[in-house]
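Enquirer: For reference, the sequence and a predicted model appear below.
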2 protein chains.
Amino acid sequence: MTGTVAAPGDDPLLLDRQVCFPLYAATNLLNRLYGPVLKPLGLTYPQYLVMLVLWEDEPQTVGSLGARLYLDSGTLTPLLKRMEAAGLVSRTRDAEDERRVLIGLTEQGRALRADALHVPETIAGGRSPEGLDELREGVRKLVAMLAAPGAEG
Amino acid sequence: MTGTVAAPGDDPLLLDRQVCFPLYAATNLLNRLYGPVLKPLGLTYPQYLVMLVLWEDEPQTVGSLGARLYLDSGTLTPLLKRMEAAGLVSRTRDAEDERRVLIGLTEQGRALRADALHVPETIAGGRSPEGLDELREGVRKLVAMLAAPGAEG
DNA sequence: ATCAATTATATTGCGTACAATATGAATGAT
DNA sequence: ATCATTCATATTGTACGCAATATAATTGAT
């Protein structure tokens, strides 16, 4: 039986059996969906997430932003520099601990919140919210599972 | 009430109210999880997805790969060139229609399937499969919704 | 007080993603 | 047959995302 492939029901490599592929595809599609909506605000999707975090609590260190968004300085540093160049955030060394950099909002960054209020509604569009709450909870549980290093089960 | 922010329960901009953020975070975490597992095979995660598709059906055009993975030539062309350079796939103009490029597997690419069989199990690790089927279905429905242009509901 | 270990951020290099554009091949109306 | 249109892929430019490494500040053991 050389070259025989497992029966469809048992083949672990079928694309449609992967949990991760729909996540991957959904994230790409969402990015494409957010792009045109966020562009008038001068934001990319990860930049929008940073703004969401800062609108909740500010200033914050690069590290606490990363902990919230599951990103590290390799991603955040250049992103935050672009946002600083765009006039949305400020980056200042923490006088208490010179290793830390505090990210705060500029007036322009604070003002942008009003323009962003319509974004969730625009993204939701005519789509029904049915199942979205469960979906969000399901994915959140997955994130918690994946984020816990060495978590079993 | 100038400057007043909506009550927490009503604020549409709270990070924890976003459906998209858990998806985004989960995809990033999964990428980090797959990285070390796929590295010995010489694959990145999107390259692994391409291999999954080709192991199912081969050869395929760039366009049909993109339709299956929700990616366009801007992403696939350089990715496939790297996979060609790595000796995993072949890229040949379709003689029937010179616009198309057929992507096939090399012997090495076909042989890699045996090494990849352990990947799903390794990724699943000790994690319980509970809820994963529902989650996959939930995300798949979301993908179908997002992929349908102008879909309502 | 000293210095090894730790912590927080930055940098480098590589590989995606995608919008916008370009190029060349097939199609179709006339 | 001609040529505008459409189609399939490639290219360019910008912005992530991450592993690996670097740098500077703080902590902690002695």
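Expert: Structure's in. What do you need?
Enquirer: From now on I want contacts and neighbour counts done on CA atoms only, so please keep to that.
Expert: OK.
Enquirer: show me what contacts residue A:48?
Expert: Residues in contact with residue A:48 (Cα atoms under 8 Å, 6 or more residues apart in numbering or on different chains) are residue A:38.
Enquirer: tell me the pLDDT at it?
Expert: The confidence metric pLDDT takes the value 98 at residue A:48.
Enquirer: Could you do residue A:131 as well?
Expert: Residue A:131 carries a pLDDT score of 72 in this model.
Enquirer: Alpha carbons only: can I get the biggest helix by length in chain A in PDB?
Expert: Of all the segments of type helix in chain A, defined by DSSP state H, the longest one is helix A:20-38. Written as PDB, here are the backbone C-alpha positions of helix A:20-38 (Å, rounded to 0.1, in the frame of the first residue of the first chain):
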ATOM      1  CA  CYS A  20      -6.300  27.100  12.900                       C
ATOM      2  CA  PHE A  21      -7.000  27.700   9.300                       C
ATOM      3  CA  PRO A  22     -10.500  29.300   9.800                       C
ATOM      4  CA  LEU A  23      -8.900  31.500  12.500                       C
ATOM      5  CA  TYR A  24      -6.200  32.500  10.100                       C
ATOM      6  CA  ALA A  25      -8.600  33.100   7.200                       C
ATOM      7  CA  ALA A  26     -11.000  35.100   9.500                       C
ATOM      8  CA  THR A  27      -8.200  37.300  10.800                       C
ATOM      9  CA  ASN A  28      -7.100  38.100   7.200                       C
ATOM     10  CA  LEU A  29     -10.600  38.800   6.100                       C
ATOM     11  CA  LEU A  30     -11.200  41.000   9.100                       C
ATOM     12  CA  ASN A  31      -8.100  43.000   8.400                       C
ATOM     13  CA  ARG A  32      -9.300  43.600   4.900                       C
ATOM     14  CA  LEU A  33     -12.700  44.600   6.300                       C
ATOM     15  CA  TYR A  34     -11.200  47.000   8.900                       C
ATOM     16  CA  GLY A  35      -8.700  48.600   6.500                       C
ATOM     17  CA  PRO A  36     -11.000  50.900   4.500                       C
ATOM     18  CA  VAL A  37     -13.000  51.800   7.700                       C
ATOM     19  CA  LEU A  38      -9.900  52.700   9.700                       C
END
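Enquirer: Would the host helix or strand of residue A:104 count as contacting DNA strand C?
Expert: Taking DSSP states H and E as the definition, one finds residue A:104 inside strand A:101-105. Yes - interface with DNA strand C: strand A:101-105 contributes A:101-102 (Cα under 7 Å from any atom of the strand).
Enquirer: residues contacting residue A:92?
Expert: Contact analysis of residue A:92 by Cα under 8 Å, 6+ apart lists A:101-103.
Enquirer: Tell me what it is bridged to.
Expert: residue A:102 (DSSP bridges).
Enquirer: For it, give its distance to residue A:82.
Expert: According to Cα to Cα, to the nearest Å, residue A:92 stands 15 Å off from residue A:82.
Enquirer: For the contacts of residue A:92, pick the one with the most neighbours.
Expert: For those, the largest number of neighbours (other Cα atoms under 10 Å in any protein chain shown) sits with residue A:103, at 23 neighbours.
Enquirer: Need the residues that contact whatever helix or strand residue A:136 lives in.
Expert: Using DSSP H and E, the element containing residue A:136 is helix A:132-147. With Cα under 8 Å, 6+ apart as the contact definition, helix A:132-147 has outside contacts at A:151, A:153, B:18-19, B:22-23, B:25-26, B:29-30, B:131, B:135, B:138-139.
Enquirer: Which ChimeraX command selects the buried ones in these?
Expert: With 16 or more other Cα atoms under 10 Å in any protein chain shown as the burial test, the buried ones among the contacts of helix A:132-147 are selected in ChimeraX as follows:
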select /B:18,19,22,23,25,26,29,30,135,138,139
